[in-house]
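# What follows is a predicted structure for the sequence shown.
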Amino acid sequence: MHVVTLLTSPAAPTLEPALVDSLRNAWGGGAAQWLAPDEAAEFPVALRPANLWEVWAELQQLRIDLVIQPAERRRKRALLADMDSTMIGQECIDELADMAGVGDRVKDITARAMNGELDFEGALRERVALLKGLDSAVIETVLRERITFTPGGRELIATMKAAGARAVLVSGGFTAFTAHVAEALGFDEHRANTLLVDGHRLSGRVAEPILGREAKVAALHETAAALGVTPADVMAVGDGANDLGMLRLAGAGVALHAKPVVAAEVDRRINFGDLTALLYLQGYARDEFVPA
């Protein structure tokens, strides 16, 4: 048995009952359950429809996300989340680079690395080198003035933790940012890279070994083992090429507003919903969300 989930942006919900019923009838589905009026609904189907991706493409034109997944073990015991452009709306290194006057150069490298065109570790070293000499106090300025949280993040974490799950922030970014984000959003743990400082200025180097794609996979294995569960009981969310390893390994890997190279390889794609979409995918109704 599989479950079909349809959802839209909470800021502009456009999911109509007639559309849900039409698709349910076309796919021979069971009774529809509304998880949130006009925003999210689900229904069971016996088999994965052969025309899934054709229908998905049509619904994308209507700004509707469609996910089909096995019905069993949907509610996960752990969440592993990327930070930059996932739990927050920015790429922290790009914001630092902008303050250092090398924004355009670093943003280009970041975009290519996140789309899988460059080796992540090498690209990170190259970008950090361009920050050499930047006053480390700028980190606090960026946190205060430039970082915004992706809508739904607090509700996602609070709701999963209330159900007994563990939440881990695992980023190819920097601990100076993950510490703040993890505390603000309620994560149990955070892992990231460490920017090295010489006096009060960035040295242009990052501590080795660099936390990249394989380290995120290792974090997923370690989190599952600590909880006495398997990777099938973990939900992971990210947007960049360095997230692909953990997204493939997790029982529910979610590509959130992801780069094309990532979206092409992940079935659970959220392009219009916010982070509460990860709760709908687990079968939570909005009235079950724990308030942020």
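The structure has been received and is ready for your questions.

# Spell out the secondary structure type for Val20.
State at Val20, reduced to three classes by DSSP: H, G, I helix; E, B strand; the rest coil: helix.

# Wait, Asp286 touches Trp34, no?
Just so we're on the same page, residue 286 is Arg rather than Asp. No. Shown here, Arg286 and Trp34 do not form a contact pair, counting by C-beta atoms under 8 Å, at 9.3 Å. The C-beta positions use only the backbone N, C-alpha and C, and glycine is treated the same way.

# what do these two both touch?
Common neighbours of Arg286 and Trp34 are listed as Ala40 (criterion: C-beta atoms under 8 Å, 6 or more residues apart in numbering).

# so where's the longest strand in the protein?
Determined from DSSP state E, the single longest strand within the chain is strand 166-174.

# Direction included, what does that one pair against?
Using DSSP bridges, the strands paired with strand 166-174 are strand 78-81 (parallel), strand 189-193 (parallel).

# Mind putting those into JSON lines with mean neighbour count, distance to Ala113 and mean pLDDT?
Shown next, in JSON lines, are the strands paired with strand 166-174 (neighbours: other C-beta atoms under 10 Å; distance: least, C-beta to C-beta, whole Å; pLDDT from 0 to 100):
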{"stretch": "strand 78-81", "mean neighbour count": "28", "distance to Ala113": "19", "mean pLDDT": "98"}
{"stretch": "strand 189-193", "mean neighbour count": "21", "distance to Ala113": "13", "mean pLDDT": "98"}
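
# Figure out which of these is closest to Thr150.
strand 78-81 (9.8 Å; C-beta to C-beta).

# Quick one: list the elements packing against the helix or strand just after that closest one.
Remark: after strand 78-81, the chain's next helix or strand is helix 92-100, criterion DSSP states H and E. Secondary-structure packing of helix 92-100 (3 or more C-beta pairs under 8 Å, 6 or more residues apart in numbering; DSSP states H and E): helix 103-114, helix 120-129, helix 138-145, strand 166-174.

# any idea of the mean pLDDT for the longest strand of the chain?
Averaging pLDDT along strand 166-174 gives 97.

# ok so, going back, which one, of the helices and strands packed on helix 92-100, ends up nearest to Val20?
Smallest distance to Val20 across the helices and strands packed on helix 92-100 (C-beta to C-beta): 30.6 Å, for strand 166-174.

# Next, the buried residues of that closest one.
For strand 166-174, burial by neighbour count (16 or more other C-beta atoms under 10 Å) applies to Arg166, Ala167, Val168, Leu169, Val170, Ser171, Gly172, Gly173, Phe174.

# rewinding a little: highest average neighbour count across the helices and strands packed on helix 92-100?
Ranked by mean neighbour count, the helices and strands packed on helix 92-100 are led by strand 166-174 with a mean of 24 (mean count of other C-beta atoms under 10 Å).

# just the angle between that strand and helix 120-129, please?
60 degrees (axes from the mean of the first three to the mean of the last three C-alpha atoms, to 10 degrees).

# Could the C-alpha coordinates of strand 166-174 be exported in CSV?
C-alpha atoms of strand 166-174 as CSV (Å, rounded to 0.1, in the frame of the first residue of the first chain):
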residue,chain,number,x,y,z
ARG,A,166,15.8,13.3,17.5
ALA,A,167,16.7,16.3,15.4
VAL,A,168,20.2,16.8,14.0
LEU,A,169,21.4,19.8,12.0
VAL,A,170,24.2,18.6,9.8
SER,A,171,25.8,21.2,7.6
GLY,A,172,28.7,21.8,5.2
GLY,A,173,28.6,25.3,6.6
PHE,A,174,30.1,26.6,9.8
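
# residue contacts, Tyr280?
Listed by C-beta under 8 Å, 6+ apart, the contact partners of Tyr280 are Thr5, Leu7, Leu35, Ala36, Ala40, Glu42, Gly273.

# nearest to Leu19, of the buried residues of strand 166-174?
Distances from Leu19 to these, taken by C-beta to C-beta, are shortest for Ala167, at 33.1 Å.

# In this structure the closest one contacts Asp188, no?
Yes. Using C-beta under 8 Å, Ala167 is in contact with Asp188, at 5.3 Å.

# joint contacts of these two?
Shared contacts of Ala167 and Asp188, counting by C-beta under 8 Å, 6+ apart, come down to Lys161.

# excluding its backbone neighbours, what's nearest Val20?
Ala41 (4.8 Å; C-beta to C-beta, 6 or more residues apart in numbering).

# And for Tyr280?
Tyr280 sits nearest to Ala40 (C-beta to C-beta, 6+ apart), 4.4 Å away.
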